[in-house]
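Participant: Following is a predicted model, sequence given first.
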Amino acid sequence: MSNQAYLELQNIHQMFGAHQALKDVSLNIQEGEFVCFLGPSGCGKTSLLRIIAGLDMPTSGKLFQAGENITQTPIKHRDFGIVFQSYALFPNLTVADNIAYGLVSKHFSQSDKRARVSDLLATVGLSGSETKYPAQLSGGQQQRVALARALATSPGLLLLDEPLSALDARVRAHLRQEIKQLQEKLGVTTIMVTHDQEEALTMADKIVVMNQGVIEQIGTPQEVYAHPNTPFVAEFVGEMNFIQAKNSGDGLMQSGTLMLQCQPNSGTNFGENVKLAIRPEDIRFNGHEDDKNSLNAQVLHLEFLGSRVRSLLQIDNHETPLIADISMNEMSGLNLSQGQSVRCQLPADRLHIFGGQA
Ligand SMILES: Nc1ncnc2c1ncn2[C@@H]1O[C@H](COP(=O)(O)OP(=O)(O)OP(=O)(O)O)[C@@H](O)[C@H]1O
């Protein structure tokens, strides 16, 4: 199995003095995949990317690229292109010279170089910008040049270190889509570091969720969102309500005066104390009293969010209110208002269970 992976990380540890930034990280990345390292600040994602690039050596562990052990390979002999958060272009060089910078050592003739630069500029949608200087370009355009430069030598691996973080929201959303399309077209194996879950969900084939130096979950965006393995993943990717409960067996969970039915047998391996979780969009309204998991709630607050309304629901004497999102379409039939009592439902198949909670 491991010989199929384009990039293979085996038991990577990284120590900075006494601080362990990466703990036994193992990961396989297939050729052509777009993988996002996602996690909060300090979780170790940049440290891992730097090891893959050869900018840092791991304290221990091995790294293979295209079947070759590259753990000790110096940067200049590695096959990758990289884009950083800050554009990192040379301000005194033209766009063409910035892009051609990586081609110098590759023995390209002047005319080959010009043709390659012009191809790359067309690829990133900046044809005709050869003679401009970085300062004459917008942030988004500078990041496109940085991308063209990273791709100049047709590397086997493209590394993107928070490439969109410095851009404003509209440019970011646009460039997100463009990078994704370009990556699909070129088929280049790509790793992007981001702390932005929306970015990871929209761009990645596979998300690697990291927390405190370890991988919490690896999966497609759909898997990670719909089936989070841990409360951390559940909360970090998307939004989640949590409810402390006692496991009464047969999928029945008790929380205060509430008795919630989860999917049959789903609580078997979780022990007595559990954490239940439900996404705001999975809470239903207009239920009937005899529906399973149907309950009364008081609407504490309503917030208009464009295509949906976010409501804050107080359930009995539960400490934390639940957040429920209602589409505008559904809202028009509901006539909800602040302070009102409402019947809602926590569908059994939408309740996640996490075990071992104190
Ligand atoms: N060169 C270094 N020397 C000492 N500690 C470091 C070094 N580089 C990283 N660390 C520490 O290792 C941990 C992981 O850092 P890393 O930069 O990989 O996190 P990150 O997830 O990329 O966070 P951010 O998004 O803030 O960059 C942090 O606690 C950081 O302070």
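Facilitator: Done, it's in.

Participant: Confirm that residue 245 sits in a helix.
Facilitator: No - counting by DSSP: H, G, I helix; E, B strand; the rest coil, residue 245 is not part of a helix but strand.

Participant: so how far is the ligand from it?
Facilitator: 32 Å (C-beta to the nearest ligand atom, to the nearest Å). Bear in mind the C-beta positions are built from the backbone N, C-alpha and C, glycine included.

Participant: Ok, residue 136 next?
Facilitator: As judged by C-beta to the nearest ligand atom, residue 136 and the ligand stand 30 Å apart.

Participant: Likewise for residue 201?
Facilitator: In terms of C-beta to the nearest ligand atom, residue 201 sits 18 Å off from the ligand.

Participant: sec struct for that residue, please.
Facilitator: helix.

Participant: And the pLDDT at it?
Facilitator: Looking at residue 201, its pLDDT is 95.

Participant: For it, grab the count of nearby residues.
Facilitator: Residues lying near residue 201 (other C-beta atoms under 10 Å) number 18.

Participant: Likewise for the one 10 residues further on?
Facilitator: By other C-beta under 10 Å, 18 other residues sit near residue 211.

Participant: With residue 320 instead?
Facilitator: Residue 320, neighbours per other C-beta under 10 Å, totals 12.

Participant: ditto for residue 311
Facilitator: With other C-beta under 10 Å as criterion, residue 311 counts 27.

Participant: hmm, who's touching whichever helix or strand it is part of?
Facilitator: Using DSSP states H and E, residue 311 sits in strand 308-315. For strand 308-315, the external contacting residues (C-beta atoms under 8 Å, 6 or more residues apart in numbering) are 258, 280-281, 283, 295-303, 321-328, 331, 336, 342, 344.

Participant: Can you select the buried ones among those residues for me in PyMOL?
Facilitator: For the buried members of the contacts of strand 308-315, the matching PyMOL selection, counting by 16 or more other C-beta atoms under 10 Å, is:
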select buried, resi 258+280+283+295+297+299+302+321+322+323+324+325+326+331+336+342+344
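
Participant: Which ones among the contacts of strand 308-315 map onto helices?
Facilitator: Those of these mapping onto helices are 328, 331, per DSSP state H.

Participant: Tell me, how many residues neighbour the residue in the stretch 151-300 of the chain positioned nearest to the ligand?
Facilitator: Nearest residue of the stretch 151-300 of the chain to the ligand: residue 195, at 5.2 Å (C-beta to the nearest ligand atom). Burial of residue 195 is recorded as 18 neighbouring residues (other C-beta under 10 Å).

Participant: circling back to that earlier point, direction included, what does the strand holding residue 311 pair up with?
Facilitator: When pairing is defined by DSSP bridges, strand 308-315 lines up against strand 294-304 (antiparallel), strand 322-327 (antiparallel).

Participant: could these be laid out in CSV, adding distance to residue 133?
Facilitator: Formatted as CSV, those follow (distance: least, C-beta to C-beta, whole Å):
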stretch, distance to residue 133
strand 294-304, 45
strand 322-327, 47
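
Participant: Include distance to residue 167 and mean pLDDT when you put those strands into TSV, please.
Facilitator: Formatted as TSV, the strands paired with strand 308-315 follow (distance: least, C-beta to C-beta, whole Å; pLDDT from 0 to 100):
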stretch	distance to residue 167	mean pLDDT
strand 294-304	27	92
strand 322-327	27	94
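
Participant: Switch those over to TSV; also include distance to the ligand.
Facilitator: Shown next, in TSV, are the strands paired with strand 308-315 (distance: least, C-beta to the nearest ligand atom, whole Å):
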stretch	distance to the ligand
strand 294-304	29
strand 322-327	26
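
Participant: give me the low-pLDDT residue ranges for the stretch 51-200 of the chain?
Facilitator: The stretch 51-200 of the chain contains residues with pLDDT under 70 at 87, 105-106.

Participant: Show me which residues of it sit near the ligand.
Facilitator: Proximity of the stretch 51-200 of the chain to the ligand (C-beta under 6 Å from any ligand atom) is limited to residues residue 195.

Participant: if we go to 8 Å?
Facilitator: Residues of the stretch 51-200 of the chain lying close to the ligand by C-beta under 8 Å from any ligand atom are 56, 162, 193, 195.

Participant: Keep only those of these that are in strands.
Facilitator: The strands, defined by DSSP state E, take in residue 193 from those.

Participant: who wins for most neighbours among the residues of the stretch 51-200 of the chain next to the ligand?
Facilitator: Of those, with other C-beta under 10 Å as the count, residue 193 tops at 26 neighbours.

Participant: dump the residue contacts of that residue.
Facilitator: Residue 193 touches 36, 37, 45, 46, 48, 49, 160, 161, 162, counting by C-beta under 8 Å, 6+ apart.

Participant: Where helices are concerned, which of those count?
Facilitator: Mapping these onto helices (DSSP H) picks out 45, 46, 48, 49.

Participant: that older thread, list the buried residues in the strand holding residue 311.
Facilitator: Neighbour-count burial for strand 308-315 [16+ other C-beta under 10 Å]: 308, 309, 311, 312, 313, 314, 315.

Participant: in stretch 226-242, what counts as buried?
Facilitator: For stretch 226-242, the neighbour count (16+ other C-beta under 10 Å) marks 228, 229, 231, 232, 233, 234, 236, 237, 238, 240, 241, 242 as buried.
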